[in-house]
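J.: 3D, please:
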Amino acid sequence: MKNSVIILLHLTLLLLISEDLIAQENYDNAVLKEKIDHYLSEGVSNGFSGSLLIAKQGEIILHKGYGMAHKENQVPYKRTTVSTIGSVTKQFTATAVLKLEDMGLLQVTDSLTKYFRNIPKDKKNITIHQLLTHTSGMIDVIGDGDFDDIPRKRFFKTLFAAKLLHEPGSKYEYSNAGYSILARIIEIVSGKDYESFLMEHLFTPAGMTHTGYLIPHWENEEIANGYARNLLHMGTLISRYKEQDKVTWTLKGNGGIHSTTGDMYKWYEALKANKILSKSQFEKLTKPYVLEYEDGSSYYAYGWAIFNSDRNTKIISHNGGNRVFFHDYIYLPKEDVVIILFTNASSREVEVAWPIEKMIFDEFYEPKPIKKNLFYLVFDFMKSHEISQSDELIAVIKDHYESSLRSPERLNGLGYRILKNEIMDIEKHLKWSIEIFKLNAELFPNDGNVWDSLGEAYAKNGQKKKAIQSYTKALELAKNDRCDWCESSRKALKRLDKVE
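T.: The predicted model follows:
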């Protein structure tokens, strides 16, 4: 009897401890949710817009939209808003390849000659494995952007005729075009269109009804509009697909698929439960095959990048974007945590999935507040300040945007955006552009192109003497070097000499 009482007391104590731990975990999750939600909500005024989903051990901790999906129509970004996943498309392509291998229709050791005729000799032995791991030596892209509608036959003829970057299998070199080859292999082997195969064998089994290129029938208000630098309205990619009534080969298989945070969470659940691939094939999908960065911080698997966490655990991740839209996907299998982030106003300042990962695992970590990207800051300042206050702007740029000032290209691009007044109508834009170009010349005094740009701004503002000085300085720095702007500088000087 005495033993029974002791056992009962032990069981009661264990139950109380268990309930306390559950309560503590729920409290921790609530605190974490509030902390991250506050971080992103505060960031909206500085340019963050998008959606986020965080889940731990099968429980969704936070799932919410922030900011605007369509500013002009005042459509808020919701957790159901559809946006592009960019290069995270590649892991779908890789999964589809392994699905076909499971079906006995191909092997990752197969070479290109099995699927394409008249392959040049230097590319005959390139394997599917090498395409999946970016070790094939194929060039990154061909054509003029994602919407260059190159006919399929010409696309692959041009691609296969291009010189290899290195011997196949010898090193890692990221290749979007390599994944377009994989998309074509999927079509050849399955007898189906790439998107149709993914829909039948990946998306539908996972319960993903809002993922694809053109097959899902989304309403326009469901799709995020993009904003370059959080300023320039770029519309949607889906509207471009519909205009062309296709997805071009420059994009198919390597990027451009659209989804939602909810659907990408269903994908995580399907992979975790081995609904799509067997356990062994999932391990094959996420095995680190090749060093991605020389510092050893990342390896590449099949469509996934593999990192090591601060806790020495595996991180399966990939991101994708086109400088307007951005998507980040971080999966930690040991901790059973997934972070899914979308934004329709991409910049380094709002690509915050990794700071959020730190917040999840380090209760003392305090991320720096989301700040405006450089372009957004400058245009916002110009709208509400006089040119006489330009020193204030320059001081802020110097103090808080050091990473944007490591090369002259960022300020030069900004200066030309202002010079052309193409993002928004700003009074005295010519004078504002001069201030930006002057700062660039101060930071990079030995760069001739910087002085050429300053000369152009002075000339357009009617400041002939300063324009001549700047153009002369540019050519002195260039000396006898060939450059793409030298001739325009010489012509500008001749025109200025003729002006009374």
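J.: going along the chain, name the strands of the stretch 51-200 of the chain.
T.: For the stretch 51-200 of the chain, applying DSSP state E, counting those that start in this stretch gives strands covering 59-66, 68-70, 75-76, 83-84.
J.: just send the ones you listed back as TSV, with mean neighbour count too.
T.: For glycine as for every other residue, the C-beta is placed from the backbone atoms N, C-alpha and C. Shown next, in TSV, are the strands of the stretch 51-200 of the chain (neighbours: other CB atoms under 10 Å):
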stretch	mean neighbour count
strand 59-66	18
strand 68-70	23
strand 75-76	14
strand 83-84	28
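J.: rebuild these as TSV, extending it with distance to residue 93 and mean pLDDT.
T.: Output for the strands of the stretch 51-200 of the chain, formatted as TSV (distance: least, CB to CB, whole Å; pLDDT from 0 to 100):
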stretch	distance to residue 93	mean pLDDT
strand 59-66	27	97
strand 68-70	27	98
strand 75-76	31	98
strand 83-84	15	98
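J.: okay, those in TSV with distance to residue 171 next?
T.: Formatted as TSV, the strands of the stretch 51-200 of the chain follow (distance: least, CB to CB, whole Å):
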stretch	distance to residue 171
strand 59-66	40
strand 68-70	41
strand 75-76	45
strand 83-84	29
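J.: for those, which one sits closest to residue 102?
T.: Within the strands of the stretch 51-200 of the chain, the stretch nearest residue 102 is strand 83-84; the backing value is 27.8 Å (CB to CB).
J.: surely residue 141 and residue 180 touch.
T.: No - in this structure, residue 141 is not within contact of residue 180 by CB atoms under 8 Å, at 9.1 Å.
J.: neighbour count winner among the two?
T.: Just comparing residue 141 and residue 180: by other CB atoms under 10 Å the higher neighbour count belongs to residue 180, 28 against 16.
J.: OK, contacts around that one?
T.: The contact partners of residue 180, taken as CB atoms under 8 Å, 6 or more residues apart in numbering, are 155, 159, 249-254.
J.: ok, 6 Å please
T.: 249, 252-254 (CB atoms under 6 Å, 6 or more residues apart in numbering).
J.: element containing the closest residue to it other than its chain neighbours?
T.: Among residues not flanking residue 180 along the chain, residue 253 sits closest, at 4.9 Å (CB to CB, 6 or more residues apart in numbering). Here residue 253, judged by DSSP states H and E, is contained in no helix and no strand.
J.: picking that back up, and of the strands of the stretch 51-200 of the chain, who's closest to residue 265?
T.: Using CB to CB, the nearest of the strands of the stretch 51-200 of the chain to residue 265 is strand 59-66, at 7.3 Å.
J.: that closest one: partners in the sheet, and parallel or antiparallel?
T.: Sheet pairing for strand 59-66, assigned by DSSP bridges, gives strand 50-56 (antiparallel).
J.: still on that earlier bit, need the pLDDT of the residue nearest to residue 180.
T.: According to the prediction, residue 253 has pLDDT 98.
J.: ok, residue 227 next?
T.: Looking at residue 227, its pLDDT is 97.
J.: list the contacts of residue 100.
T.: The contact partners of residue 100, by CB under 6 Å, 6+ apart, come to 106, 189.
J.: how near is it to residue 188?
T.: Distance, residue 100 to residue 188, by CB to CB, to the nearest Å: 10 Å.
J.: what do you get for residue 91?
T.: 21 Å.
J.: need phi/psi at the closest residue to residue 227 other than its chain neighbours.
T.: Residue nearest to residue 227 in three dimensions, not counting chain neighbours: residue 345, with 4.4 Å by CB to CB, 6+ apart. Dihedral angles of residue 345 (phi, psi; degrees, to the nearest 10) stand at phi -140, psi 70.
J.: residue 345 touches residue 50, doesn't it?
T.: No - counting by CB atoms under 6 Å, residue 345 does not reach residue 50; the two are 7.6 Å apart.
J.: what about the strands in the stretch 251-400 of the chain?
T.: Using DSSP E, counting those that start in this stretch, strands in the stretch 251-400 of the chain cover 258-259, 290-291, 298-300, 305-308, 314-321, 326-332, 337-343.
J.: ok and the fifth one relative to strand 326-332, angle-wise?
T.: When you say that, I think you mean strand 314-321. 170 degrees (axes from the mean of the first three to the mean of the last three CA atoms, to 10 degrees).
J.: next one: strand 314-321 to chain centre, how far?
T.: 10 Å (CA atoms, centre = their mean, to the nearest Å).
J.: repeat for the first one
T.: The gap between the average C-alpha position of strand 258-259 and the chain average comes to 14 Å, counting by CA atoms, centre = their mean.
J.: and the contacts of that strand?
T.: With contact meaning CB under 6 Å, 6+ apart, strand 258-259 is reached by 82, 84-85, 211.
J.: same question, the second one
T.: Contacts made with strand 290-291 from outside it, assessed by CB under 6 Å, 6+ apart, are listed as 133, 135, 172, 299-300.
J.: direction included, what does it pair up with?
T.: strand 298-300 (antiparallel).
J.: quick one: buried residues of the strand it pairs with?
T.: The neighbour-count criterion (16 or more other CB atoms under 10 Å) identifies 298-300 as the buried residues of strand 298-300.
J.: of those, which one scores lowest on pLDDT?
T.: Lowest confidence among those: residue 298, with 91.
J.: surely it touches residue 308?
T.: No - assessed by CB under 6 Å, residue 298 is found out of contact with residue 308, at 8.7 Å.
J.: which neighbours do the two share?
T.: Joint contacts of residue 298 and residue 308 (CB under 6 Å, 6+ apart) do not exist.
J.: and the helices in the stretch 1-150 of the chain?
T.: Counting by DSSP state H, counting those that start in this stretch, one finds helices in the stretch 1-150 of the chain at the ranges 2-43, 89-102, 128-132.
J.: buried ones in the second one?
T.: In other words, helix 89-102. By 16+ other CB under 10 Å, the buried positions in helix 89-102 come out as 89-101.
J.: mind listing what residue 33 touches?
T.: Shown in contact with residue 33 (CB under 6 Å, 6+ apart): 61-62.
J.: read off the pLDDT value for it.
T.: The model reports residue 33 with a pLDDT of 96.
J.: same question, residue 22
T.: At residue 22, the pLDDT value in this model is 40.
J.: just for this protein, where's the confidence low?
T.: Applying pLDDT under 70 to the chain flags residues 1-27, 480-481, 498-500.
J.: counting neighbours, what do you get for residue 320?
T.: Residues within reach of residue 320, counting by other CB under 10 Å, total 21.
J.: surely it is in contact with residue 327?
T.: Yes - if you go by CB under 6 Å, residue 320 and residue 327 touch, sitting 5.1 Å apart.
J.: any common contacting residues for these two?
T.: Residues touching both residue 320 and residue 327 (CB under 6 Å, 6+ apart) are 85-86, 88.
J.: which of the residues you listed are buried?
T.: Buried among these by 16+ other CB under 10 Å: 85-86, 88.
J.: how about JSON lines for the residues you listed, with distance to residue 196 added?
T.: Shown next, in JSON lines, are those (distance: CB to CB, whole Å):
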{"residue": "85", "distance to residue 196": "18"}
{"residue": "86", "distance to residue 196": "21"}
{"residue": "88", "distance to residue 196": "20"}
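J.: for the nearest residue to residue 172 once chain neighbours are set aside, which residues count as its bridge partners?
T.: Using CB to CB, 6+ apart and skipping residues adjacent in sequence, the residue nearest residue 172 is residue 290, 4.8 Å away. On the basis of DSSP bridges, residue 290 is bridged to residue 300.
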